[in-house]
Every structure is written in structure tokens, then in C-alpha cells.
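> Quick one, fold the following:
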Amino acid sequence: MNLTLRLLGVPATVVTSLFFVGSAAIAADDDTSSSPPTTSTDVGSPEPTEKIPTLNLLEAVRNGSVSVNAEGSGDGRMTLSVTNKTKRKLHVVLPPGLIASGATGQFGGMGGMGGGMGGMGGMGMGGMGGGMGGMGGGMGGMGGMGGMGGGMGGMGGGMGGGMGMGGGTMPASMGMMMLGRLIMSLVGERDSWDQQSLMSGMMGGMGGMGMGGMGGMGGMGGGMGGMGGGMRSVPPTGLPFAALNPKQTRHLPTRLVGLSDPNPEQPVVMPAKGERLRLGDISQLTVDPQVQKALKRLAEDKAPQTVSQLVMWRVASHLDWGTIAAMSKDWANPQELTLAQSFVDQLAELPKGDSGTLLCEVKADDPANKALARQLGKALKDQNVLGLAVKMEIPAQPNGPGVACRITLRGSEEKPEAVVEMSTSNPDATAWAAAGKFTLPVAREGDKAKTDAFMDSLAEGMLGRLVRASVAPVSKSKGKDLYRVRIENGSPLILNGIAVVGTGSESDQEAKVLAGISVAPGKSITVPASSRVVEQLGLKKGVRLVAADLSGL
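Numbering: from 1, shown residues only. As a prediction, the model looks like this:
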């Protein structure tokens, strides 16, 4: 896309050629007029609650509320230094459709804190050297990947090693995201866009460190419905925003996606450290509605950097998929290519909101269990499980990247059980592939199934077959134990967030949420954690997943 860019006169120093992923849906792309949620005054204060204005970053620059400089950090990100020039606190939202232009080219700014895709061009995929190697620079660079394994997330030397490109970001969100916050502190990322979606009302019970709203993980109560996202579902994150006190300046790492036509010899070119950029909106770069819609939707859907780059090469540069596959063979897997293709194919008709679905069917082998099967099917219909909307139909072949769940009731009428067969779309989404099988008892009261308990156990079983998390000691740093936290996405969809508790922990332990991580399908992220962090979180004996947020595009 070789277009002239008419930009705001905002000097900037940016980085990279990939974009940030951890954002989903807060109110609106370009709406800057609405007030954000309120911030309470001190307990017992008679003063009214203060309303903090919410401003789109570009609009705030235009009206003089903030000033901004963008500076390349040389690791796949740009740093946006944003200063509040007013006498009141502001919430400044990073809008989907933000672009940055410099000598290196044009880029879409997607927010976030983690490293960009530094290894995609020129540097190869060395990343973290098979786990925790190459962690020089006091953990900040992680082998040149920029922050917490967040771009290439433990590539294990090239695309092998099964760890993959993670695309992870650990946002310091709402105080509840303790794991992300402590890891950020460890690796030196002390400033970050927030992704709580300005949803203080919805998340009110989750204040403090941990998650008050998720207390009592033993029985999970009605399938964790109180989390706001559905059964065993982590609430979705929103567009990145920053809270700025009067006259305060914050330096916010912001990942990018390349919008310029790629050079086959070095497909992903990143702005150099200190390269000055100018900021603007995608509408100033192109009038093509498909390009505008794609960039904004990728930001809203928390798309991984890899998938986003594949999409923009197709939509903005009009490359064919064969060329794209060849140019990305060292860092994109077939699942990511398929997800990108599916997104582009549906772009014109994509409705608002998450397109991720869980396809289910419930049947009974024995006529005596058919009434029970109907009850369970009715309970599943229109639910949200692991962040995915349930649809009660499984086609013979997948219509794109997806997850399916076949439930067959067997056993006697007195002691029925459900055999659950999980399937995921294969790498090119042309057929279903087995993803695990498990059996659940079906408890009843009279002739009625205890659907809440069954649904929660079902969601827990699905989670264990689609997502994995582990904590392991790896080395010592300055005489202190160092641990590795690894999160693996075994689904063909995007893993946006997880909630965990420590293995062997008390049943009433509060879960810790890690959101905005945007792990691509078939990939993982690996981040370091100190023994203090692991002990405080109760993860020394291991980690147990209790909820997740999966999504499509």
C-alpha cells in the first residue's frame, strides 16, 4: 500500500511493524464524547462521585487536552509518551484505527505492553531459545523480543520446539490481575495501557489483588456465571486506555502491525529505535473501507500479531495467500493462516461482537435417556462457555476454525452418564480432528438433571483439553529462584485470558486472572516469575486452570 499519509503534526518515535492484541470491546471506535465510569471518592466522603472524561487519543491531541510523542523502541513496539495538559484526570483510549508513519513505513497501532514481533523480520525467530535462554538485558528484552516473551513467546529457536509465538501481553488491569502485574514488575514493564474496558460496574466485585468475584472456586457455584463472561469464562478485555492525572506523562509501549507493502527479502521491517513517527487515523491513509474495517476489527478482537500481519498483507497489500504463506513460513503456523483467511473471507459480512462459537450436540443411546438429553441440550443452548457462544449444531465439516462438543448419554435410567467427545478443526479447517474424550456423571433430582453442576463440569473438562498452563523452576537469578510460567493454546481459536488457582490450594482460594494475552492458535507464551511471585500466588505446587476466554475473529 503505497499511499501518501496525511497525519496529525505529532512527532513520534515508534517501533516495529506489528500490532498489539489485547483489546476487545469497549464502547466504541471513535466515540470520544461519552463519560467513563465514575471513580468513587473516599469511603464516607459526602462529596459526589467524580466523573472522569474519556477521550479518544487522537481527538484529545486535536483539542489540546493531551500532547503525545511516539518513539521507536526497536523491539517491535512504539512508545507513546502521553501528557495530560489539563487540570483534571483523564482516561485516554487508544482508538482502533490509529496509525503511525515514519521513514520505515506505515503501521497500525494496537496498544499493549508486551514485545511486538521483533523476530519476524531480520532477526529470525531465536526468541527465548527454547524456553528461558537468551533472557539478557535484565529480562526486559528476552532475546530481543521485547518484554515478557510477548511477541515471539519462547520460539525455541525457529518455529520449532512447540512453544510458538505467543503474542502475549500482561496488562496491569484493575488491580485484580496480580500475576500479570507482578511479572511486569519483574521484567521492567512498569507502565502499560490498561485493558479493563473501563467496566468498573461489571467488575466491581473483583477489586484488590486476586478476584473477589471469583471466590470459592471449589464448586464454582453456577458455572462461574458471576464472572460476566459465561461458564468458566474470563470477562473480555476492552480497548486499551490510560488513566492520566493532571500534568502527568506516561510512556506507553504500543505494538504495531505493518501496513506498507512488504519486501520479500525482509517482509517485516520495523522502525529503528528513536525513529520519529507521526500519528493519524487509518482513514487518512486509505479510503478503502476493507482496510479500515480490518484494522479496527483486529484491534477490537484482540487478534494476535501474527494473524493481524497476515490479514493486512492480504487486505492492504493484496498479496495472494500462497505468497503470504511463503513469506510467513518461519513464524506463522497453518492454524494462524487459516484464521486469517477465514477473517478476510467474512470481513464484509462480519457482525459486531465476537464470532467465536462452540458447536454442540446432545443425544441419547437409550430411549430412556432421551428426556434427559433434551434437558441438557436446552440448558446448553444460547449459553456462553469458555468465552464462546454455544450453537446446537455440528456440521459434517467445519465452516472455519472452531471447536465442537458431542455429548452422548449412556448408562441406565437410574445412573446415567455423559460421554463427551471434543473436536477441533484441523489446521486448514477442512475436517474435524479428535481433541479428547471424557465421561461425566449426570446427577438428578427426581426426573430433572442438575444442569448447573453438569454444565460446570462440562466446561471444566473442555478447558483442560483446549488450554494448558504450567509453572516450573528453571534457574536462579542473583541467587534467587526463577520460575517459568507457560500458557499453551491447544485450540484453533485465540486465547485472550485465563483464570488460575494453585494446585492443592484451598477450595475458597481466589482465582487470579491473566487477561489480554492473545495467544494465537497452536502457540504458547512463556514468562519468568520470581519465587516471591509464585509463592504469593500459591502456585509453588503447580497451577490449575479454572476459566478462559477463547474467541474467533
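> Rank the helices and strands of this structure by mean pLDDT and give me the bottom one.
strand 11-13 (a mean of 32; mean pLDDT, DSSP states H and E).
> Only the C-alpha atoms, please, for stretch 405-418, written as PDB.
Extracted in PDB, the C-alpha atoms of stretch 405-418 (Å, rounded to 0.1, in the frame of the first residue of the first chain):
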ATOM      1  CA  CYS A 405     -18.500 -31.000  21.600                       C
ATOM      2  CA  ARG A 406     -20.600 -34.200  21.100                       C
ATOM      3  CA  ILE A 407     -22.400 -35.400  24.200                       C
ATOM      4  CA  THR A 408     -23.900 -38.900  24.300                       C
ATOM      5  CA  LEU A 409     -25.900 -40.100  27.200                       C
ATOM      6  CA  ARG A 410     -25.400 -43.700  28.200                       C
ATOM      7  CA  GLY A 411     -26.000 -46.000  31.200                       C
ATOM      8  CA  SER A 412     -29.200 -46.800  32.900                       C
ATOM      9  CA  GLU A 413     -32.100 -44.500  33.600                       C
ATOM     10  CA  GLU A 414     -31.100 -44.700  37.300                       C
ATOM     11  CA  LYS A 415     -27.400 -44.000  36.800                       C
ATOM     12  CA  PRO A 416     -26.900 -42.100  33.500                       C
ATOM     13  CA  GLU A 417     -23.600 -40.700  32.400                       C
ATOM     14  CA  ALA A 418     -22.400 -38.400  29.600                       C
END
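> list the buried ones in it?
By neighbour count on 16 or more other Cβ atoms under 10 Å, the buried set for stretch 405-418 is C405, R406, I407, T408, L409, G411, P416, A418. From N, CA and C alone the C-beta is placed, and that goes for glycine too.
> what about the strands in the stretch 351-500 of the chain?
Here the stretch 351-500 of the chain has its strands, by DSSP state E, counting those that start in this stretch, at 357-364, 384-385, 388-391, 403-411, 416-425, 432-441, 444-445, 448-449, 467-477, 480-489, 494-502.
> Identify, out of those strands, the most deeply packed stretch.
Mean neighbours per residue, mean count of other Cβ atoms under 10 Å, is largest over the strands of the stretch 351-500 of the chain for strand 494-502, with a mean of 28.
> Report the angle between it and strand 480-489.
130 degrees (axes from the mean of the first three to the mean of the last three Cα atoms, to 10 degrees).
> hey, C-alpha coordinates of strand 494-502 in CSV?
The C-alpha coordinates for strand 494-502 follow below in CSV (Å, rounded to 0.1, in the frame of the first residue of the first chain):
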residue,chain,number,x,y,z
ILE,A,494,-7.5,-17.1,20.1
LEU,A,495,-6.8,-17.4,23.8
ASN,A,496,-7.4,-14.0,25.3
GLY,A,497,-7.3,-14.7,29.0
ILE,A,498,-7.2,-17.3,31.8
ALA,A,499,-8.0,-17.6,35.5
VAL,A,500,-5.9,-19.8,37.6
VAL,A,501,-5.5,-21.1,41.2
GLY,A,502,-2.7,-23.0,42.8
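> quick one: average confidence on it?
In this model, strand 494-502 carries a mean pLDDT of 91.
> Following the chain onward from that strand, which element is next?
strand 512-519 (DSSP states H and E).
> What strands line up against whichever helix or strand comes after that following strand, and which way round?
Using DSSP H and E, the helix or strand that follows strand 512-519 towards the C-terminus is strand 524-530. Strand 524-530 pairs in its sheet with strand 480-489 (antiparallel), by DSSP bridges.
> now the partner strand and strand 512-519, what's the angle there?
60 degrees.
> Export only the CA atoms of strand 480-489, formatted as PDB.
What follows is strand 480-489 as a C-alpha-only set of coordinates in PDB (Å, rounded to 0.1, in the frame of the first residue of the first chain):
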ATOM      1  CA  LYS A 480      17.000 -16.200  43.800                       C
ATOM      2  CA  ASP A 481      14.900 -19.000  42.300                       C
ATOM      3  CA  LEU A 482      13.400 -18.200  38.900                       C
ATOM      4  CA  TYR A 483      10.300 -19.900  37.600                       C
ATOM      5  CA  ARG A 484       8.800 -20.300  34.200                       C
ATOM      6  CA  VAL A 485       5.100 -19.700  33.700                       C
ATOM      7  CA  ARG A 486       3.900 -21.200  30.400                       C
ATOM      8  CA  ILE A 487       0.500 -21.000  28.800                       C
ATOM      9  CA  GLU A 488      -0.400 -23.100  25.800                       C
ATOM     10  CA  ASN A 489      -3.300 -22.700  23.500                       C
END
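> what angle separates that strand from strand 467-477?
When the same axes, to 10 degrees is applied, the directions of strand 480-489 and strand 467-477 differ by 160 degrees.
> any idea of the mean pLDDT for strand 480-489?
Strand 480-489 comes out at a mean pLDDT of 89.
> what's the answer for stretch 260-275, then?
On average, stretch 260-275 scores 87.
> and what of stretch 290-310?
The average pLDDT for stretch 290-310 rounds to 90.
> and the end-to-end length of it?
14 Å (Cα to Cα, to the nearest Å).
> Can you check the pLDDT for D456?
95.
> pretty sure it contacts A379?
No. In this structure D456 lies outside contact range of A379 using Cβ atoms under 8 Å: 11.1 Å.
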